[in-house]
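Chemist: No letters, just coordinates:
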C-alpha cells in the first residue's frame, strides 16, 4: 500500500552527500511518472478551457499541479490507481495549508481534484474509484 512521508529526518553530516545522491536518484527514477501527470494536467487544462473562464482553468490546474508535486515528492505512489482516499483528502489538504499561502478553501481543493479525477476517468480511461468516492 502506498505511503505518505511525514515527519523530520536527521542526517548525520558525514552522510549528507550520500543522502543528496540518493534523493537525486529517487527523483530521476520518478521523473517519468511526474512527466505523465504533468501532461495529464495540460490535457485537463485544454478540457476545462472549452467550458470555463481562463481564471477558473488556471485555478484548477494550479491546484492539480501542487497535488502532483505532493504525490511525487511526499508519497511513494507510482501509478494514479495507487493514490488513496487519505492522500486525496486529509494528507493533501494538510500539506497544502502548511506549504501554500493563498485564498483557496478546502472546497476549492476538493472541486479541482474531483474534476481532475472525473476527467481522467471520462477522457483518459484512468479510473481511481477510491479518489472519486473520497471527493464527493
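Modeler: Great, that's in hand. Please read all numbers here as calculations on a predicted model, not as lab measurements.
Chemist: for the chain, what are the low-confidence residue spans?
Modeler: Residue ranges of the chain with pLDDT under 70: 1.
Chemist: which stretches of it form helices?
Modeler: 16-49, 54-74, 85-86, 92-99, 106-119, 129-134 (DSSP state H).
Chemist: and of those, who's closest to residue 9?
Modeler: With C-beta to C-beta as the criterion, residue 9 lies closest to helix 16-49 of the helices of the chain, at 8.4 Å. Any C-beta I mention is one placed from the backbone N, CA and C, and that applies to glycine too.
Chemist: Identify each buried residue in that closest one, please.
Modeler: Neighbour-count burial for helix 16-49, counted by 16 or more other C-beta atoms under 10 Å, picks out 30, 33, 37, 40, 41, 44, 45, 47, 48.
Chemist: So what's the residue count around residue 79?
Modeler: Residues near residue 79, counting by other C-beta atoms under 10 Å, number 11.
Chemist: So what does it have for phi and psi?
Modeler: The phi/psi pair for residue 79 (degrees, to the nearest 10) reads phi -150, psi 150.
Chemist: Please name the residues that touch it.
Modeler: residue 33 (C-beta atoms under 8 Å, 6 or more residues apart in numbering).
Chemist: Distance check, it against residue 89.
Modeler: Distance of residue 79 to residue 89, given as C-beta to C-beta, to the nearest Å: 19 Å.
Chemist: How about residue 112?
Modeler: From residue 112 over to residue 89 (counting by C-beta to C-beta), the distance is 13 Å.
Chemist: higher neighbour count, the two?
Modeler: residue 112 (24 against 17).
Chemist: Quick one: residues contacting the spatially closest residue to residue 95 that is not a sequence neighbour.
Modeler: Once flanking residues are discounted, residue 95 sits nearest to residue 70: 5.3 Å by C-beta to C-beta, 6 or more residues apart in numbering. Going by C-beta under 8 Å, 6+ apart, residue 70 touches 87, 91, 92, 95, 96.
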